[in-house]
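J.: Whatever this is, show me its structure:
(one chain, ligands or ions: 1)
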Amino acid sequence: MTENRLRLRNNSNIAIIGGGPAGSFFANDAIKNAKKLGINIQITIFNGKDFSQRGPSGCNMSAAVIASTLHAKLIKDGIILPKRIIRQEIKGYYFHTEEYGIELYKPEQSDKSSILAVYRGNGPLYSTHTESHSFDDYLLRHVIDQGVSLISEPVLDLNLSSNLDTPATIIYGKSGQQNKMEADLVVGAFGINSRMINKIEGLNFGYIPPKTIRTCQMEIPLDATFIKNSFKDNIQVFALGIKPFRFASMVPKDNYVTVSLVGSRDLTSNDLVDFINHPVVRKNLPHDWKLPEKFCKCLPKIALSHAKKPFADRFVIVGDASITRIFKNGLESAYITSQLAARAAFENGISNEDFDKHYYKPAHKLLAMDNKLGTIILAISDFVTKQNWLVKARLSYVKSRKGSWIANHLNKLLWNMATGDAPYKIILMQALNPVFQVILIPVTIKALIKDILGLIARRFGLKK
Ligand SMILES: Cc1cc2nc3c(=O)[nH]c(=O)nc-3n(C[C@H](O)[C@H](O)[C@H](O)COP(=O)(O)OP(=O)(O)OC[C@H]3O[C@@H](n4cnc5c(N)ncnc54)[C@H](O)[C@@H]3O)c2cc1C
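T.: Predicted coordinates:
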């Protein structure tokens, strides 16, 4: 019965809380779906950030790498990013371990899409460029140009009525002012770093937000020619096997390098200093480089799990406050969840049951189930990268056989781990490939024996 009452109709209105990628992607899909149904819908996006600001206050803090799979989707949707938004086209990845490094290359070179490095806001604090660089702003303008209204004020609260005929109410405003807006459907695209998370949890319809951990990022200003020559358009990824770091990357962006760190605990600015002073990391910086006195840094949260029940009657949550692939392609997950939620709302309805069946279950199957395998793979990867002898032996073996099946297979495996281009299920299958493992057995045994002999020699003072 509820399905008939809770549907989007001609002149229905949608309020979207959050003008980050998930909010803009939802609006873009809602426009397409409304056109398909031949109905007129009013869409309003509320956004708390001013993307014209430099630094964290105008930025939805991330490494801001657009996976080639998402880039392909944007091209298909007619969202063609201009030059001022693309800070760097990325050729590949350089994978650093404590003692060894290997360059990874894109396994299939057939499609036109590329990996792109952008800024989410208007570039780093203290930067001096004149044009707008913000990717999030570009997406937002794309939907505003199609008729979406923007209210640049934060949403303070949300009321969902138990009476199905009563629309939801949004309370918004700044500087002590409070305004109200009624909406047939409210979309929560506020992201995991928003205070709205606690408000929504407090509505007690069953929403449990994703678990999170605090990451650390900084922007390093460097000479553009140095970056070009040193990074060679590659993202540098580090698996140093040292605590508390799990993943670290340095993304070249013309005259800046974005450093992003994810740890096994909440990270602080001190961890950033430790990382940047590690000898393997310092090799990527000019030899006389010193940490500037003032620089752009932030400590955003990243999702470690997915939300429970991110929907109710007339309300649905998309983006990383709902379901996202852990540590991989958050922007693409925002695209996927927004697309699924918009389709469910227009094709099926906006009731609790509609969102459960047509949005949450498919999104869960696509993203959350794969995250379970991801957790196992990442734990194995954490363990392996701590075994320097093993990593060094395997990588140097593969490097010496460039162009062979084994070298291509390892490249594909590491590429997928670094980029997230393949689901964790495929990565696991690639890692457990019997031919791959069998070929590496003698290499592993030889390296283990060498490591044990080295240990013994050191113990008896024969070697330093
Ligand atoms: C260190 C780090 C590195 C990352 N690197 C990458 C990467 O390289 N590639 C990638 O694909 N993903 C990356 N991610 C993940 C990616 O940043 C997120 O998945 C993505 O930003 C989620 O998009 P969203 O739209 O759901 O939320 P957000 O991007 O957080 O956007 C939410 C928007 O809602 C607004 N908002 C919040 N509360 C309110 C309110 N009450 N009223 C009005 N507006 C509100 C905010 O101002 C913001 O504009 C990274 C994340 C971290 C932490």
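
J.: State which helix of the chain is the longest.
T.: Among the segments of the chain that qualify as a helix by DSSP state H, the longest is helix 434-459.

J.: list the helices and strands that helix packs on?
T.: If contacts are counted by 3 or more C-beta pairs under 8 Å, 6 or more residues apart in numbering; DSSP states H and E, helix 434-459 sits against helix 388-399, helix 405-419. Where C-beta positions appear, they are placed from N, C-alpha and C, glycine not excepted.

J.: May I have the longest one exported as PDB, CA atoms only?
T.: The reference is to helix 405-419. As requested, C-alpha coordinates have been extracted for helix 405-419 and formatted as PDB (Å, rounded to 0.1, in the frame of the first residue of the first chain):
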ATOM      1  CA  TRP A 405      53.800 -13.900 -17.800                       C
ATOM      2  CA  ILE A 406      54.800 -13.800 -14.100                       C
ATOM      3  CA  ALA A 407      55.900 -10.100 -14.400                       C
ATOM      4  CA  ASN A 408      52.600  -9.100 -16.100                       C
ATOM      5  CA  HIS A 409      50.600 -11.100 -13.600                       C
ATOM      6  CA  LEU A 410      52.200  -9.400 -10.600                       C
ATOM      7  CA  ASN A 411      51.900  -6.000 -12.300                       C
ATOM      8  CA  LYS A 412      48.200  -6.600 -12.800                       C
ATOM      9  CA  LEU A 413      47.800  -7.700  -9.200                       C
ATOM     10  CA  LEU A 414      49.600  -4.700  -7.700                       C
ATOM     11  CA  TRP A 415      47.900  -2.400 -10.200                       C
ATOM     12  CA  ASN A 416      44.500  -3.500  -9.100                       C
ATOM     13  CA  MET A 417      45.500  -3.200  -5.400                       C
ATOM     14  CA  ALA A 418      46.800   0.300  -5.900                       C
ATOM     15  CA  THR A 419      44.000   1.600  -8.200                       C
END
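
J.: going on from that helix, what's the next piece of helix or strand?
T.: Where DSSP states H and E defines the elements, the next helix or strand beyond helix 405-419 is helix 424-431.

J.: Show me the protein divided up by domain.
T.: By the assignment in automatic domain parsing, the chain contains the domains 2-88+117-209+307-370, 213-302, 386-459.

J.: Give me the distance between the second one and the centre of its chain.
T.: So that's domain 213-302. If you compare the mean C-alpha spot of domain 213-302 with that of the full chain, they lie 17 Å apart, counting by C-alpha atoms, centre = their mean, to the nearest Å.

J.: now do the same end-to-end measure for that domain.
T.: 6 Å (C-alpha to C-alpha, to the nearest Å).

J.: what comes into contact with stretch 394-414?
T.: Here stretch 394-414 makes contact (C-beta atoms under 8 Å, 6 or more residues apart in numbering) with 93, 95, 97, 100-102, 104-105, 107, 427, 430-431, 433, 435-436, 439-440, 443-444, 447.

J.: Please pick the buried ones from the residues you listed.
T.: The neighbour-count criterion (16 or more other C-beta atoms under 10 Å) marks 93, 95, 97, 100-102, 104, 427, 430-431, 436, 439-440, 443-444, 447 among these as buried.

J.: Which one of the residues you listed is nearest to the ligand?
T.: The ligand lies nearest to Tyr93 out of the buried ones among the contacts of stretch 394-414, by C-beta to the nearest ligand atom, at 12.2 Å.

J.: Confirm that closest one sits in a strand?
T.: Yes: Tyr93 forms part of a strand when assessed by DSSP: H, G, I helix; E, B strand; the rest coil.

J.: Off-centre distance for the longest helix of the chain?
T.: Relative to its chain's centre, helix 434-459 lies at 36 Å (C-alpha atoms, centre = their mean).

J.: send the alpha carbons of stretch 426-442 over as PDB?
T.: Written as PDB, here are the backbone C-alpha positions of stretch 426-442 (Å, rounded to 0.1, in the frame of the first residue of the first chain):
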ATOM      1  CA  ILE A 426      39.300 -10.600  -8.600                       C
ATOM      2  CA  ILE A 427      42.400  -9.400  -6.700                       C
ATOM      3  CA  LEU A 428      42.100 -12.400  -4.400                       C
ATOM      4  CA  MET A 429      41.800 -14.800  -7.400                       C
ATOM      5  CA  GLN A 430      44.900 -13.200  -9.000                       C
ATOM      6  CA  ALA A 431      46.900 -13.500  -5.700                       C
ATOM      7  CA  LEU A 432      46.000 -17.100  -5.200                       C
ATOM      8  CA  ASN A 433      46.600 -18.100  -8.900                       C
ATOM      9  CA  PRO A 434      48.200 -21.500  -8.500                       C
ATOM     10  CA  VAL A 435      50.700 -21.000 -11.400                       C
ATOM     11  CA  PHE A 436      51.800 -17.700  -9.900                       C
ATOM     12  CA  GLN A 437      52.300 -19.200  -6.400                       C
ATOM     13  CA  VAL A 438      54.100 -22.300  -7.700                       C
ATOM     14  CA  ILE A 439      56.600 -20.300  -9.700                       C
ATOM     15  CA  LEU A 440      57.400 -18.200  -6.700                       C
ATOM     16  CA  ILE A 441      57.900 -21.100  -4.200                       C
ATOM     17  CA  PRO A 442      61.600 -21.700  -5.000                       C
END
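
J.: Name the residues of the stretch 51-200 of the chain found near the ligand, please.
T.: Listed as neighbours of the ligand in the stretch 51-200 of the chain under the rule C-beta under 6 Å from any ligand atom: 60, 62-65, 154-155, 189-191, 193-194, 196.

J.: Going through those, which ones are buried?
T.: If we count by 16+ other C-beta under 10 Å, those have these buried: 60, 62-65, 154-155, 189-191, 193-194, 196.

J.: Widest-spaced pair of those residues?
T.: The span of those, defined through C-beta to C-beta, is set by Val65 and Val155 at 28.7 Å.

J.: what ranges of the stretch 101-250 of the chain fall below the confidence cut-off?
T.: Of all residues in the stretch 101-250 of the chain, those with pLDDT under 70 make up the ranges 109-111.

J.: Just the pLDDT at Pro423, thanks.
T.: As predicted, Pro423 sits at a pLDDT of 89.

J.: Now do the contacts for the nearest residue to it once chain neighbours are set aside.
T.: With sequence-adjacent residues excluded and distances taken as C-beta to C-beta, 6 or more residues apart in numbering, Pro423 is closest to Asp370, at 4.8 Å. Contacts for Asp370 were tallied using C-beta under 8 Å, 6+ apart; they are Arg325, Pro423, Tyr424, Lys425.

J.: a strand runs through Asp370, doesn't it?
T.: No: secondary structure of Asp370, determined by three-state DSSP: helix, with no strand assignment.

J.: okay if I get the domains of the chain as JSON lines plus distance to Leu378?
T.: Output for the domains of the chain, formatted as JSON lines (distance: least, C-beta to C-beta, whole Å):
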{"stretch": "domain 2-88+117-209+307-370", "distance to Leu378": "7"}
{"stretch": "domain 213-302", "distance to Leu378": "7"}
{"stretch": "domain 386-459", "distance to Leu378": "9"}
